[in-house]
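Colleague: missing the sequence, but the structure's below:
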């Protein structure tokens, strides 16, 4: 089992920045690729980005490319989502997730943290 706890959400004005953190406990952190998803009210959960177990591979949704950056520090068992140039449409609950290396599915999910961007 892997437990994931997100933090860092909050209220920010459009154009501002936030950094989300997700700390993992349980199994070996470097055994997992990590990802971020988000879900706005009334909408389906959508992919934001992912980072490989060693941090060398990073992929982003087109909607956040160039504005968001995912990073990880394995010795701290933590993955980050740096969000810059925030827009009102980025308002959502943001979820951290873990996928075992070589796996097909996202195996574990955090409880989510709310990000609200005011115009």
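Modeller: Done, it's in. What you see is a predicted model; the values in this text were computed from it and never measured.
Colleague: Report the central residue of this structure.
Modeller: residue 36 (2.8 Å; C-alpha atoms, centre = their mean).
Colleague: mind listing what it touches?
Modeller: Residue 36 sits next to 20, 22, 48, 49, 50, 70, 79, 81, 94, 95, 96, 97 when contact means C-beta atoms under 8 Å, 6 or more residues apart in numbering. Backbone N, C-alpha and C define where each C-beta goes, glycine included.
Colleague: Now name the helix or strand holding it.
Modeller: strand 32-39 (DSSP states H and E).
Colleague: For that strand, what does the pLDDT average out to?
Modeller: Averaged across strand 32-39, pLDDT comes to 97.
Colleague: next one: stretch 46-65
Modeller: Stretch 46-65 comes out at a mean pLDDT of 97.
Colleague: circling back to that earlier point, with distance to residue 57 as added columns, please give the contacts of residue 36 in TSV.
Modeller: What follows is the contacts of residue 36, written out as TSV (distance: C-beta to C-beta, whole Å):
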residue	distance to residue 57
20	20
22	18
48	15
49	11
50	8
70	10
79	13
81	16
94	20
95	20
96	17
97	16
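Colleague: List only buried entries from those residues.
Modeller: The neighbour count (16 or more other C-beta atoms under 10 Å) marks 20, 22, 48, 49, 50, 70, 79, 81, 94, 95, 96, 97 as buried among these.
Colleague: Could you verify my assumption that the fifth one touches residue 33?
Modeller: Yes - counting by C-beta atoms under 8 Å, residue 50 sits close enough to residue 33 to count as a contact (5.9 Å).
Colleague: buried ones in stretch 68-83?
Modeller: Under the neighbour-count criterion of 16+ other C-beta under 10 Å, stretch 68-83 has 68, 69, 70, 72, 77, 78, 79, 80, 81, 83 buried.
Colleague: again, but for stretch 2-18
Modeller: Quick answer for stretch 2-18 (16+ other C-beta under 10 Å): 2, 4, 6, 8, 9, 12, 18.
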